[in-house]
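Q: coords please:
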Amino acid sequence: MAVAIDVQSESLNGDNKTGKHSRISQLSINKKPHIREHPMMKEFVTSGLSVSVANIVTLPIDVLKVRLQLANAAMTTSKSCMKAGFIETTRLVYHKEGIRAFYSGLMPAIVRGLFYGGVRLGAYGPIKNMLKHLIAEDRNAATKIFRDITAACLSGSTAAIVSNPVDLCKTKLQTKNSKYTSSFHVIRDVIQQYGIKGLWVGTVPAAFRTAALTATQCVTYDHAKRFWIQITGWGEGIKLHLGASLITGLVNKRDFCCFTNNDMSCLNNRLVTTTVTAPLDTIKTNMYAAGGYGVTELTNKIVNKEGFRGLLRGWSAAYVRLDRLFLFFMHLTKYIFIYFLLYLSNLSAKTNDFNPYEVLGLTRTASDKEIRLAYKRLARYWHPDKNSEPNAHEQFTKINAAYEILSDSIKRQNYDDYGTTSQDNQRGFNTNHFRDSYDIFREHFGSDFNFFQESPSGAKKIIHLREFLNNILPNSDKKPYVLFGSTNFCLHCREPLRLFRSLEKQFNDVGIGTAEFNTKDQRLSNELGILNAPSLCVISQRRVYHFNDHGKFNQYTETNIKEFVRKSIPIQRYIKTLRTPDDLLSLISSYNETNRIHAILITKQKAPTLKFVIPCLQHLSRIQCAVLNSSMIMTSEIPSFLKQVSTITDTVLLFKEDKNPIAVIKDNDLTFVNIQKLFESNQLLHLPTITSSNVFNLVCQTNSA
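A: Numbering: from 1, shown residues only. Next up is the predicted model:
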């Protein structure tokens with residue numbers, strides 16, 4: 001039962017409120033869209049399998065077609081073979097060679113179907129998308145059809161070229177009294193006689209023929225999809241694919257008149273199609289069998305001996321394949337097969353059911369104003385800073401993705417026509433491919449919402465690509481960040497996430513920022529180089545360091561995380577290590593050369609504390625930091641100011657021109673905040689040299705103060 005929520009609707013500028021309340025169907029918002037992954041591969045597999053099944057069904061007719069096409073005066077001297085028609089050839093093959101002859105070349109026929117069908121239909125969408133970028137978007141129907149036909153011709157000819165070696169093997173195995181026993185036997189023999197290029201003999205007529213057929217089939221497929229969408233409202237999915245494919249198989253553009261019950265027109269269309277493509281098919285088959293002839297040479301040879309009638313051999317078998325009843329059972333068989341194959345392999349679960357109209361609770365006839373009002377209502381309700389539900393961020397992202405489609409006239413038209421947009425045809429529909437959800441929200445509501453702070457509900461701060469690129473990455477020179485990535489339903493993320501949150505205060509206390517992100521945010525994950533969840537990374541000096549790269553995969557312990565964070569910060573590059581007190585005296589005496597203040601940490605630890613390191617990074621241009629191990633104080637002659645320094649606790653000494661420190665921080669006062677304040681108020685020598693505009697500005701600020 002749907003739960004309704006009353007939210008006051010507003011106009012676009014937010015000044016006038018309508019005073020009306022709209023009921024928002026939570027059921028439509030909570031419907032989780034399926035994400036279509038690797039659509040080109042899915043098209044390749046499903047189309048290839050469907051053509052393979054069709055090849056098995058039509059293989060006996062294909063064998064008869066090959067026999068009839070090769071029974072010409074240029075290839076045989078047998079009068080009986082040249083005179084035999086379709087029925088007589090069928091009888092002769094059955095009586096002399098048996099039923100097995102009708103399934104000769106079965107394996108190469110299956111393999112050819114995988115490559116031929118997969119490339120022909122799988123490459124059609126990507127090529128069409130590429131042409132959309134090359135050819136300016138035009139609402140003219142003629143331009144669209146030209147673009148679609150061009151894409152179909154290119155994908156069809158590519159499929160013919162790719163599958164040509166297998167097609168060659170199939171034809172040679174189907175010839176009468178074939179000397180070959182397998183495809184490997186054919187390939188070995190062809191390479192020995194003609195070289196590798198011999199495997200691509202007959203490519204030209206095959207490419208032209210396939211280009212013509214693909215142009216009719218793929219364009220018909222697009223129109224069939226639009227037809228199903230209009231009458232059923234289906235989105236992208238297995239139902240739409242099978243429905244459009246079945247219409248394509250039955251109509252195939254040339255038989256569209258069949259739907260008007262005009263039998264004479266159907267007959268004429270099949271006659272024309274068969275007559276036009278038969279010569280190309282005959283030339284291709286004869287080139288496969290002969291091997292050494294070119295297109296022109298072989299065509300002239302056939303025409304000279306039999307006339308143009310010789311190019312139409314096998315016409316009857318080709319015509320039978322276009323019979324409406326035969327097409328119906330052939331396509332019905334293969335698509336039922338593919339449907340159950342997809343169902344059993346669960347591929348159908350990965351198809352895209354994302355419907356922007358359902359997400360916003362609208363109909364397809366909704367006006368622009370209705371779309372804006374629906375978006376504003378839902379965006380306010382599901383904003384993660386206002387809604388503490390676990391799926392608030394996911395719903396907010398889907399709402400913004402839906403609005404981006406429906407608010408753009410071109411994207412909306414593409415979705416209405418094809419069930420997809422120009423952005424998701426090739427790579428699969430995924431809300432992560434759209435603009436940052438918060439960018440769209442800001443356009444309507446301004447920047448009143450603080451996206452980078454903890455929400456009133458107490459939820460942890462979640463960053464997105466915008467915050468990362470605008471705030472974290474450019475400031476990581478001075479402030480490192482520790483980021484933890486997980487997903488809403490990641491069970492093995494719980495313990496690492498709990499540990500990360502327990503360490504956040506420790507990191508923040510030493511000046512290191514922390515934040516979380518959703519690894520399903522594809523754009524941010526790509527920017528960070530994240531492949532899985534959980535994921536821990538440090539952003540330092542504009543570089544990303546991954547916890548797993550340090551050999552600590554699945555070893556999320558407090559010690560390992562702290563060690564990883566420390567190693568990710570280039571401490572030794574910016575903080576000098578002093579060996580003796582003499583090194584300290586030498587360093588603080590160089591103020592005239594460096595024009596910088598000197599900050600020295602005296603510690604018994606092997607590495608400096610991060611609450612000293614981070615302020616040093618923040619004031620690197622004005623303060624030279626160094627560290628001296630306190631054990632050196634006990635074993636060497638030391639300056640007087642070091643005699644008062646504890647060898648047990650950490651101490652920070654700040655020097656200007658004088659050899660005595662101007663400030664000392666130790667014991668409980670040694671905190672990140674106090675060190676930062678000390679550095680902030682002491683960035684210049686008493687008599688600094690003006691070496692840059694930055695120094696000049698600091699001097700002016702100091703004097704004015």
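
Q: Near residue 509, how many other residues are there?
A: Per other C-beta atoms under 10 Å, the neighbour tally for residue 509 reads 13. The C-beta positions use only the backbone N, C-alpha and C, and glycine is treated the same way.

Q: dump the residue contacts of it.
A: 611, 671-672 (C-beta atoms under 8 Å, 6 or more residues apart in numbering).

Q: could you redo the last one with a cut-off of 6 Å?
A: Under the criterion of C-beta atoms under 6 Å, 6 or more residues apart in numbering, residue 509 has no neighbours.

Q: which stretches of the stretch 51-200 of the chain form helices?
A: Assigned by DSSP state H, counting those that start in this stretch, the helices in the stretch 51-200 of the chain fall at 79-83, 86-97, 106-122, 124-134, 141-174, 183-194.

Q: And those helices: which comes nearest residue 466?
A: helix 124-134 (25.8 Å; C-beta to C-beta).

Q: which stretch among the helices of the stretch 51-200 of the chain comes nearest residue 360?
A: Residue 360 lies closest, by C-beta to C-beta, to one member of those: helix 124-134, at 25.9 Å.

Q: mind listing what's buried in stretch 186-201?
A: 186-187, 190, 198-199, 201 (16 or more other C-beta atoms under 10 Å).

Q: What are the boundaries of the strands in the chain?
A: Counting by DSSP state E, residue ranges of the strands within the chain are 4-10, 17-25, 481-486, 513-518, 535-540, 543-546, 575-578, 597-603, 623-629, 651-655, 663-666.

Q: By mean pLDDT, show me the worst of these.
A: Comparing mean pLDDT across the strands of the chain, the weakest is strand 4-10, with a mean of 36.

Q: Now do the contacts for residue 670.
A: Applying C-beta under 6 Å, 6+ apart, the residues contacting residue 670 are residue 650.

Q: What score does it have for pLDDT?
A: pLDDT for residue 670: 87.

Q: for it, phi and psi?
A: Backbone geometry at residue 670, expressed as degrees, to the nearest 10, gives phi -80, psi 90.

Q: tell me the domain boundaries of the chain?
A: 4-35+352-445, 39-350, 465-568, 571-704 (automatic domain parsing).

Q: distance of the nearest residue to residue 591 once chain neighbours are set aside from residue 474?
A: Nearest residue to residue 591, sequence neighbours excluded (C-beta to C-beta, 6 or more residues apart in numbering): residue 657, at 5.7 Å. Using C-beta to C-beta, to the nearest Å, residue 657 is found at 34 Å from residue 474.

Q: Which of the two has more residues huddled nearby?
A: residue 657 (14 against 11).

Q: I'd like the distance between the more buried one and residue 598.
A: The value you get for residue 657 to residue 598, if C-beta to C-beta is used, is 10 Å.

Q: returning to that earlier point: any idea of the pLDDT on the residue nearest to residue 591?
A: Value for residue 657, per-residue pLDDT: 81.

Q: can you check residue 336 too?
A: pLDDT, read off for residue 336, is 56.

Q: got it, and residue 313?
A: 68.

Q: circling back: can you tell me which of the domains of the chain the model trusts least?
A: When the domains of the chain are ranked by mean pLDDT, domain 4-35+352-445 comes last with a mean of 64.

Q: Between the buried residues of stretch 186-201, which sits nearest residue 384?
A: Using C-beta to C-beta, residue 199 is the member of the buried residues of stretch 186-201 that lies nearest residue 384, at 58.7 Å.
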